[in-house]
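In: Below are the sequence and a predicted model for it; my questions follow.
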Amino acid sequence: MVFLRQVSSAVLPRGFAIFVRPALIRSLALAGVVLSVLCALCLGRYPLSPLRVLGVFGHLLHLSVGFDPLAQVVVMQARLPRILAALLVGSALSCGGATYQAVFRNPLVSPDLLGVLSGAAFGAALAIVSGGSAFVVQMGAFGGGLLAVGCGLLISRTLPGGGVLALLLGGLIGNAIFTALLSLVKYLADPMDQLPAIVDWLLGSLAPSGWHELAWVSGPLIVLTMALVLCAPVLDVLSLGDDEARSLGVSVRVMRPALIVLATLACAMTISMAGIIGWIGLLVPHVARLLVGAEHRNMMPVTALLGAGGLVLADTCARSLTTGEVPLGIVTQLFGALAFVLVLRRLRGGMA
């Protein structure tokens, strides 16, 4: 918690938090999300003007007389489901990453710490090799992520000492195990058919997202994300340390595993829907801290909004930069790494 406060104070001008309230930042972040959604609806290989996009929604609400069938198909069938999926995935990954960083009291922790990414990748690859349908692949990814985290938690219980360090070591061991299992599945896969499908899934994409996928994943994902946001006061207490949390009446042995389970469920559902999307869960919480400080009651709502808008913009770039579609995971890795370099440079300059 002390390090997180140093981060926020190092890169912000003196007195910034006094004059710019978190409510204003939340309002600006919400406006940014709305603007990113409008840009995503307009931009693509078939660009649409804002008036045509608004005309589609006006026709649905019976507010306009004109009907544009081509714009209707592009917006309602191709872009809107994908944008909604990006909003859900971005907010869930960001809040999951912020939760992990608070629980482990480490600002460099990301959702793949306990092996949820490697486990989900192994489950999806196993389903692909077994000839499962798209729904089976999604369920395999979801189950694999939960299995990997469960193994990491079980391993941590066998290690001496306990606490955060045991969880970290258990997660690293579980991550290594499922990474090896993923490599084994890729080695055994058919190089002409199954292996390209596995690689394509691992690169991450929101292209398969449609109304059918949103129907079963949106409800649980919204509930999990809201639960993480509402747990912000508990995250503030856990960030102080185990002894301080106990003195304030928080059961560390209960709340830490519960928060890990909530964050893992959210991240596993996003991976089952979009594949491996890197850097969102690591970078976005840092940006939110720079804007509103390290207190999670202010940070978590901004984190959710920034993650949602950021992933919408990244997906828009992925499908608009070239005539084909660049995998979303590549875009987030590239821009996320560059953005994190800028954050670290600001941090080093502010603390020098």
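Out: Arrived safely. Residues are numbered from 1 along each chain as shown.
In: in the stretch 1-150 of the chain, which spans are helices?
Out: Using DSSP state H, counting those that start in this stretch, the helices of the stretch 1-150 of the chain run over 2-11, 16-19, 22-42, 50-60, 69-73, 80-103, 116-129, 134-158.
In: between the ones you listed, which one is nearest to Gly249?
Out: Gly249 sits nearest to helix 80-103 of all the helices of the stretch 1-150 of the chain, at 17.7 Å, using Cβ to Cβ. (Glycine included, C-beta is placed from N, CA and C.)
In: Grab the CA positions of that closest one and hand them over as PDB.
Out: Output of helix 80-103 as PDB, limited to C-alpha atoms (Å, rounded to 0.1, in the frame of the first residue of the first chain):
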ATOM      1  CA  LEU A  80     -22.400  -4.100 -31.300                       C
ATOM      2  CA  PRO A  81     -22.000  -7.700 -29.800                       C
ATOM      3  CA  ARG A  82     -18.300  -7.400 -30.200                       C
ATOM      4  CA  ILE A  83     -18.200  -4.000 -28.500                       C
ATOM      5  CA  LEU A  84     -20.300  -5.300 -25.600                       C
ATOM      6  CA  ALA A  85     -18.000  -8.200 -25.200                       C
ATOM      7  CA  ALA A  86     -15.000  -5.900 -25.100                       C
ATOM      8  CA  LEU A  87     -16.600  -3.800 -22.400                       C
ATOM      9  CA  LEU A  88     -17.300  -6.900 -20.300                       C
ATOM     10  CA  VAL A  89     -13.900  -8.500 -20.800                       C
ATOM     11  CA  GLY A  90     -11.900  -5.200 -20.300                       C
ATOM     12  CA  SER A  91     -13.700  -4.300 -17.100                       C
ATOM     13  CA  ALA A  92     -13.500  -7.800 -15.600                       C
ATOM     14  CA  LEU A  93      -9.800  -8.200 -16.500                       C
ATOM     15  CA  SER A  94      -8.900  -4.800 -15.100                       C
ATOM     16  CA  CYS A  95     -10.800  -5.300 -11.800                       C
ATOM     17  CA  GLY A  96      -9.400  -8.900 -11.500                       C
ATOM     18  CA  GLY A  97      -5.800  -7.500 -11.900                       C
ATOM     19  CA  ALA A  98      -6.400  -4.800  -9.300                       C
ATOM     20  CA  THR A  99      -7.800  -7.400  -6.900                       C
ATOM     21  CA  TYR A 100      -4.700  -9.600  -7.300                       C
ATOM     22  CA  GLN A 101      -2.400  -6.700  -6.800                       C
ATOM     23  CA  ALA A 102      -4.200  -5.700  -3.600                       C
ATOM     24  CA  VAL A 103      -4.400  -9.200  -2.200                       C
END
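In: Next up, phi/psi of Pro107, please.
Out: Backbone torsions for Pro107, taken as degrees, to the nearest 10, come to phi -70, psi -10.
In: Please look at it and Leu283 and confirm they touch.
Out: No - with contact defined as Cβ atoms under 8 Å, Pro107 does not count as touching Leu283 (10.9 Å).
In: ok, these two, which is more surrounded?
Out: Legend: neighbour count by other Cβ atoms under 10 Å for Pro107 and Leu283, higher for Leu283 (23 against 18).
In: Mind pulling the model confidence for that one?
Out: The model reports Leu283 with a pLDDT of 91.
In: just Pro13 next, same as before
Out: If you check Pro13, the pLDDT there is 48.
In: circling back: could you export the helices of the stretch 1-150 of the chain as TSV, including distance to Ser209 and mean neighbour count?
Out: As requested, those are arranged in TSV below (distance: least, Cβ to Cβ, whole Å; neighbours: other Cβ atoms under 10 Å):
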stretch	distance to Ser209	mean neighbour count
helix 2-11	33	17
helix 16-19	38	12
helix 22-42	13	17
helix 50-60	19	16
helix 69-73	16	13
helix 80-103	4	28
helix 116-129	15	28
helix 134-158	11	21
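In: Any chance of a markdown table for these, columns distance to Leu202?
Out: Shown next, in a markdown table, are those (distance: least, Cβ to Cβ, whole Å):
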| stretch | distance to Leu202 |
| --- | --- |
| helix 2-11 | 32 |
| helix 16-19 | 40 |
| helix 22-42 | 24 |
| helix 50-60 | 33 |
| helix 69-73 | 30 |
| helix 80-103 | 16 |
| helix 116-129 | 6 |
| helix 134-158 | 10 |
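In: can you list the weak-confidence ranges in the protein?
Out: Scanning the chain for pLDDT under 70 picks out the ranges 1-20, 64-65, 346-352.
In: hmm, back to that, and Leu291, which of the helices of the stretch 1-150 of the chain is closest to it?
Out: Once these are compared by Cβ to Cβ, helix 22-42 is nearest, at 5.1 Å.
In: Who are the packing partners of that closest one?
Out: Packing partners of helix 22-42 (3 or more Cβ pairs under 8 Å, 6 or more residues apart in numbering; DSSP states H and E): helix 50-60, helix 80-103, helix 280-292, helix 296-320.
In: Can you check which of those helices gets nearest to Val229?
Out: Val229 lies closest to helix 296-320 among those, at 4.6 Å (Cβ to Cβ).
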